[in-house]
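>>> fold the following for me, if possible:
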Amino acid sequence: MVNALDAISTALGASQTRSQARNTSSCIWCQGSCDVSTFRDDLSIKEFGISGMCQKCQDEMFTACDGPMRSDEEYDDLSEKPLDIDPRF
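Okay, here's the model as predicted:
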């Protein structure tokens, strides 16, 4: 699993692998600090462990272009839900 996540981060154009980011406590995208005190909550810390992204990059990645994404419960029909696309691509 670790090799697959590292391969994905490299394939997406990150400057370092997820494992390297975790080992150096830096972000795979912006190389910013990923000290535990910089994260908003436990979920964001967990996401760093999965993706290697700092809080700022997580916010950019997981926020829709027109504002925060809605939860699945907020959609009457999930087919209306927009795709989660990183605006950097």
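>>> for the chain, which segments count as strands?
Here the chain has its strands, by DSSP state E, at 63-64, 67-68.
>>> doesn't residue 56 make contact with residue 32?
Yes - with contacts defined as CB atoms under 8 Å, residue 32 counts as touching residue 56 at a distance of 6.7 Å. Backbone N, C-alpha and C define where each C-beta goes, glycine included.
>>> from what I can see residue 6 touches residue 21, true?
No - judged on CB under 8 Å, residue 6 makes no contact with residue 21 at a distance of 9.6 Å.
>>> tell me the contacts of the nearest residue to residue 9 once chain neighbours are set aside?
Nearest non-adjacent residue to residue 9, counting by CB to CB, 6 or more residues apart in numbering: residue 18, 4.6 Å away. Each residue near residue 18 by CB atoms under 8 Å, 6 or more residues apart in numbering is listed here: 2, 5-6, 8-9, 28, 50-52.
>>> out of those residues, which one has the weakest pLDDT?
When the contacts of residue 18 are compared by pLDDT, residue 2 scores lowest at 64.
>>> quick one: low-confidence parts of the chain?
Applying pLDDT under 70 to the predicted model, the residue ranges of the chain that meet it are 1-2, 64-89.
>>> repeat that for 90
Applying pLDDT under 90 to the chain flags the ranges 1-23, 29, 33, 35-36, 38, 49-51, 58-89.
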